[in-house]
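# pasting the sequence and the predicted coordinates here, then a few questions.
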Amino acid sequence: MGLPFFQINGTNRLRGQVRIGGAKNAALPIMAASLLCEGEVILHDVPRVADVAFLGELLGMLGVEVERRPDGALRLVVQDEMNCQAEYDIVRKMRASICVLGPLLAKRHKAQVAMPGGCAIGDRPVDLHIRAMRLLGADVELVSGDIVGKAKKLRGTEMFLGGPFGSSVLGTANAMMAAVLAEGTTVIEMAACEPEIVDLADFLNKCGASISGQGTPRIIIEGVRELKGCEYRIIPDRIEAGTFMVAAAITNGELDLENCRLDHLLAFVDRLAAVGVQVERKGELVTVSSSRRLEPIEVTTQPFPGMPTDLQAQLMALLCLADGNSIITEKIFPDRFLHVAELSRMGARLHKAGPTVIVQGVKRLVGAPVMASDLRASAALVLAGLAARGTTRIHRIYHIDRGYERIDEKLRGVGAEIERLEGDQE
Ligand code: EPZ
């Protein structure tokens, strides 16, 4: 039996209602934060995606009992605090494993986490994570490819957490999770403002932490003695919502999105409006529809509240069909353009120069066999396949399963012709 792949027959107009799931990138750090808590943590709306399963596996190795309850909620309880090591085998599968570093140092006073290394979207340094732990008083060294940290007691401090590409989302998460149990007050300047950071802070506060300023570049944390588990609902996934918005637009269809927070997507919706895609709130739903003619635009990815890098590839798929030349600049991960070569196989006209891609709009895309390379690049290929004439086969779809729950079923539910097949082709 071969690996699963998607087969898409394009050009169907999508119509209907889709429920957006809980945010993967909020769920992962919040799951890691369960390491800090006494008693049960119950999380609602944790998506059933491969990255959640990987982190569940790692937390299991770290002595946390992780189970899905019959109602779908995820229950996490720390049972054993002996092991403090996240091995390379699991960290290399998922970079977000780095977010156990802060909680382990804060609660177990030691941590050994394999250095994640680079990945398909480019260099992914962790210097800001290490800087934050050191500033809080931990003794951190690199030993044979592992980050090894010790700290009898972490102490609150003022820290600047900016790097050459601005703030760091998981760096801020790690600093915050380490500082909640530190002695005294911690101030994080140039903190990430992403909604997923606000969600983590709100979760920690519900567990008894004292965090303010989340959602702004200055987060203030008053250390507390202990955190108790709580029951919490994860915010909706803004990247999944944005992906379905493009699905509606690229097929000239109309979708109603349930569980969608427009306030988390203002920059993206602004760019969609410039393209000619209407996004409106109608009661509990967000309705997305598009005019026939797509206008070309200029867009630059930025930290929140700017245009998210995690929607750059999907927007590029849409702009391939605009009536003119668009310019996309990637300011967070300048090499995050693996989808360019694959979209070109489907008839897109793309010209890459450094961190910028000029997208020359074409009248139509054509189906082709293509290869998924990272999570969001794969989503872009699915979107292009939905609009393309003929059949598109997307291989290596394990990338997409890392972060989208049942994307094929959800798309089929609104009229797409997409099948998950198994075969010998790589
Ligand atoms: C988070 O990764 C997300 N992952 C990514 O989502 C997302 O693309 C990224 O934030 C940016 O929004 C999770 O939340 C699990 P960063 P993270 O640290 O936190 C540089 C997806 O598709 N940097 O905010 O690892 C870095 O190279 C994924 O769901 C340093 O210089 O990203 C980049 O240029 C992929 N030093 C910039 O900061 C550091 O120590 C922002 O990265 C850390 C980062």
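The structure has been received and is ready for your questions.
# helices and strands around the worst-scoring helix or strand of the chain on mean pLDDT, which ones?
When each helix and strand of the chain is scored by mean pLDDT, DSSP states H and E, helix 88-91 comes last, with a mean of 91. For helix 88-91, the packing partners by 3 or more Cβ pairs under 8 Å, 6 or more residues apart in numbering; DSSP states H and E come out as helix 50-61, strand 110-114. The C-beta positions use only the backbone N, C-alpha and C, and glycine is treated the same way.
# can I get it in CSV? Just the C-alpha atoms.
C-alpha atoms of helix 88-91 as CSV (Å, rounded to 0.1, in the frame of the first residue of the first chain):
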residue,chain,number,x,y,z
TYR,A,88,15.5,14.7,19.1
ASP,A,89,13.3,11.9,17.6
ILE,A,90,10.1,13.7,18.6
VAL,A,91,11.4,17.3,18.5
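# please name the nearest non-neighbouring residue to residue 57.
residue 90 (6.5 Å; Cβ to Cβ, 6 or more residues apart in numbering).
# same check on residue 251?
residue 14 (4.7 Å).
# can you tell me which residues contact that neighbour?
247-248, 251, 253-255, 386, 411, 414-416 (Cβ atoms under 8 Å, 6 or more residues apart in numbering).
# which one among these gets closest to the ligand?
Ranked by distance to the ligand (Cβ to the nearest ligand atom), the contacts of residue 14 are led by residue 247 at 17.1 Å.
# quick one: the helix or strand where the closest one lies to chain centroid distance?
Element membership of residue 247, judged by DSSP states H and E, is helix 238-250. Put simply, helix 238-250 sits 14 Å off its chain's centre (Cα atoms, centre = their mean, to the nearest Å).
# that helix - contacts with which helices or strands?
strand 254-258, helix 266-275, strand 277-282, strand 285-290, helix 312-319, helix 375-387, helix 407-413.
# among those, which is nearest the ligand?
The nearest among the helices and strands packed on helix 238-250, by Cβ to the nearest ligand atom, is helix 375-387 at 4.5 Å.
# shouldn't residue 184 be in contact with residue 153?
No - counting by Cβ atoms under 8 Å, residue 184 stays clear of residue 153, with 10.2 Å between them.
# name the residues of this protein found near the ligand, please.
25, 28, 96, 123-129, 163-165, 168-171, 196, 309-310, 332-333, 375-376, 403 (Cβ under 6 Å from any ligand atom).
# out of those residues, which are buried?
Burial by neighbour count, judged by 16 or more other Cβ atoms under 10 Å, picks out 25, 28, 96, 125-126, 128-129, 168-171, 196, 309-310, 332-333, 375-376, 403 from the residues of the chain next to the ligand.
# so what's residue 52 up against?
Residue 52 touches 24, 27-28, 31, 46, 74, counting by Cβ under 8 Å, 6+ apart.
# circling back: narrow the residues of the chain next to the ligand to those in helices?
25, 28, 127-129, 169-171, 196, 375-376 (DSSP state H).
# and the closest residue to residue 361 other than its chain neighbours, what does it touch?
Excluding the flanking residues, the one nearest residue 361 by Cβ to Cβ, 6+ apart is residue 322, at 4.1 Å. Going by Cβ under 8 Å, 6+ apart, residue 322 touches 275, 294-297, 359, 361.
# domain ranges for the protein?
3-21+236-423, 24-230 (automatic domain parsing).
# tell me how far the ends of the last one are from each other?
Counting by Cα to Cα, to the nearest Å, you get 19 Å between the two ends of domain 24-230.
# kindly report the same for the first one.
Counting by Cα to Cα, the length from the leading to the trailing residue of domain 3-21+236-423 is 6 Å.
# what pLDDT, on average, does that domain get?
For domain 3-21+236-423, mean pLDDT is 97.
# pretty sure residue 290 sits against residue 246.
No - with contact defined as Cβ under 8 Å, residue 290 does not reach residue 246; the gap is 9.6 Å.
# so which of these two has more stuff around it?
residue 246 (30 against 22; other Cβ atoms under 10 Å).
# once you drop chain neighbours, what's closest to the more buried one?
Nearest to residue 246 is residue 314, by Cβ to Cβ, 6+ apart, at 4.7 Å.
# next: residue 230.
Looking at residue 230 with Cβ to Cβ, 6+ apart, the closest residue is residue 206, at 4.5 Å.
# got the phi/psi numbers for the one you found?
For residue 206, the backbone dihedrals (degrees, to the nearest 10) come out as phi -70, psi -30.
# tally of neighbours for it?
15.
# the ligand versus that one, what's the distance?
For residue 206, the distance to the ligand (Cβ to the nearest ligand atom, to the nearest Å) stands at 20 Å.
# pretty sure that residue contacts residue 232?
Yes - between residue 206 and residue 232 there is a contact under Cβ under 8 Å: 5.9 Å.
# residue ranges in the stretch 1-150 of the chain under the pLDDT threshold?
Residue ranges of the stretch 1-150 of the chain with pLDDT under 70: 1, 117-118.
# mind listing the strands for it?
Remark: strands assigned in the stretch 1-150 of the chain by DSSP state E, counting those that start in this stretch are 3-9, 15-19, 37-38, 41-44, 64-68, 74-78, 85-86, 110-114, 139-143, 146-150.
# got CSV for those strands, with mean neighbour count too?
Shown next, in CSV, are those (neighbours: other Cβ atoms under 10 Å):
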stretch, mean neighbour count
strand 3-9, 19
strand 15-19, 15
strand 37-38, 18
strand 41-44, 21
strand 64-68, 16
strand 74-78, 21
strand 85-86, 20
strand 110-114, 21
strand 139-143, 12
strand 146-150, 19
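# which residues of the stretch 301-426 of the chain fall in strands?
325-329, 349-353, 356-360, 369-371, 391-395, 417-423.
# so what strands line up beside the fifth one?
Going back to what we said before, that points to strand 391-395. Applying DSSP bridges, strand 391-395 is found paired with strand 3-9 (antiparallel), strand 369-371 (parallel).
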